[in-house]
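Asker: have a look at this fold, sequence not included:
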DNA sequence: CATCAAATTAGACAGTGTTCAATTAAAAAT
DNA sequence: ATTTTTAATTGAACACTGTCTAATTTGATG
């Protein structure tokens, strides 16, 4: 039996998320198993229900971890790019695609998991998910050279949806049936067309 | 025991797909059960494996059925719209969203199901999935007033990815795109901006 | 050292997908 | 008509799953 003093509550939570995330990356959402995740962490299944309250909440925590990694990957990709110009947007979109492909199982799990309505999302998890939007927001504001506004934030969500659509169809293979050799390039092209239209107005 | 002469092979296949599709619409992908689908059709589980070879192939058949319905809904929505003009594209996108919302479980199942690489997709199923692309292709060609071409077909796939992205994030509510009151309207706006850019070139 | 509350677990339960020998029904051959 | 053969259909077995609860272990408190 795992000893209560082996890990503090926070450590235990982090331990379970770490192993859960690794298992998700390894197997994908369809073959994920809470039992196996707990086993690898050295605990029994019940512990997941103790710590997270439900399997649903555990999956939310795992996916939030993916969001954090993803956002970090985007920031990292932007670190060496000159602070103005279209190149930053191109790099951003390509980093978006790269993370999704390099971590396909974990990335898809974000969208595979439909959390139940009654599962409350902790502020921490919510923030992890917002981080990504924040990055795009910042870059688009810079590119447009205008102060942030509700209209721009609305546009940013729409741009994210556009890029997401390309990436999702690509990762799941729907796009390969469509014979598109460069989905990321297409996404960039669409983003720039839309932004150009916004600039003219 | 169900009698072999109750249904011809084709009828049996259709019967299983019908009940499977209904169950998918009712429960969604996560709670779908092959056992239950067979039960409702009046057969035992094994029959699904006899007829389709695998659960994977059964799910492909169910999702192809959804594609057929979806394409039919799009065509129906266009039937009364004047044969030229931007209105047709707007109606098309809105019908796309409407079908997804009205049949959320079945629609999401299309993207929830990641069929295994070894599952061969029958020509019939492949065609059902292509029908949708064909409709958009036709409408975009008409709108642009140019003959069809590989470049246009490539653009059309990109446009579909854009609209899909908006629709998917809307239906799953997984993004704070939930604060977006009119995702379909946003998708239409983006499509028209992209098409305008194409026209200028 | 005894008490007590909290953490952890094992086990039961009702499901699942998958496989396959046994059964049954229809067709073919006698 | 009967028997034989072929093929569809089944039910049970297997190894899993998520979920819950009673029992156990643990560490701290009096």
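Answerer: Structure received. Quantities reported herein were computed from a predicted structural model and do not represent experimental measurements.

Asker: and the top helix by length along chain A, what's buried?
Answerer: Ranked by residue count under DSSP state H, the longest helix found in chain A is helix A:55-78. Residues A:55, A:57-71, A:73-74, A:77-78 are the ones in helix A:55-78 that count as buried (16 or more other Cβ atoms under 10 Å in any protein chain shown). The C-beta positions use only the backbone N, C-alpha and C, and glycine is treated the same way.

Asker: wait, does it contact DNA strand D?
Answerer: Yes. Helix A:55-78 reaches DNA strand D (Cβ under 7 Å from any atom of the strand) through A:55, A:56.

Asker: and that helix, what does it pack onto?
Answerer: helix A:9-27, helix A:34-41, helix A:45-52, helix A:86-102, helix A:104-112, helix A:123-144 (3 or more Cβ pairs under 8 Å, 6 or more residues apart in numbering or on different chains; DSSP states H and E).

Asker: against DNA strand D, how distant is residue A:187?
Answerer: According to Cβ to the nearest atom of the strand, to the nearest Å, residue A:187 and DNA strand D sit 34 Å apart.

Asker: residues contacting that residue?
Answerer: A:93, A:97, A:162, A:163, A:166, A:167, B:158, B:161 (Cβ atoms under 8 Å, 6 or more residues apart in numbering or on different chains).

Asker: recalculate using a threshold of 6 Å.
Answerer: A:93, A:163, A:166 (Cβ atoms under 6 Å, 6 or more residues apart in numbering or on different chains).

Asker: how about the residues of chain A by DNA strand C?
Answerer: A:1-4, A:6-7, A:9, A:12, A:38, A:42-47, A:50-51.

Asker: one step back: same list (the helices and strands packed on helix A:55-78) but as CSV, adding mean pLDDT and mean neighbour count.
Answerer: As requested, these are arranged in CSV below (pLDDT from 0 to 100; neighbours: other Cβ atoms under 10 Å in any protein chain shown):
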stretch, mean pLDDT, mean neighbour count
helix A:9-27, 96, 17
helix A:34-41, 97, 18
helix A:45-52, 96, 16
helix A:86-102, 98, 18
helix A:104-112, 97, 21
helix A:123-144, 94, 17
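
Asker: need those helices in JSON lines (columns: distance to chain B).
Answerer: Formatted as JSON lines, the helices and strands packed on helix A:55-78 follow (distance: least, Cβ to the nearest Cβ, whole Å):
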{"stretch": "helix A:9-27", "distance to chain B": "12"}
{"stretch": "helix A:34-41", "distance to chain B": "14"}
{"stretch": "helix A:45-52", "distance to chain B": "18"}
{"stretch": "helix A:86-102", "distance to chain B": "12"}
{"stretch": "helix A:104-112", "distance to chain B": "6"}
{"stretch": "helix A:123-144", "distance to chain B": "7"}
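
Asker: thank you, goodbye.
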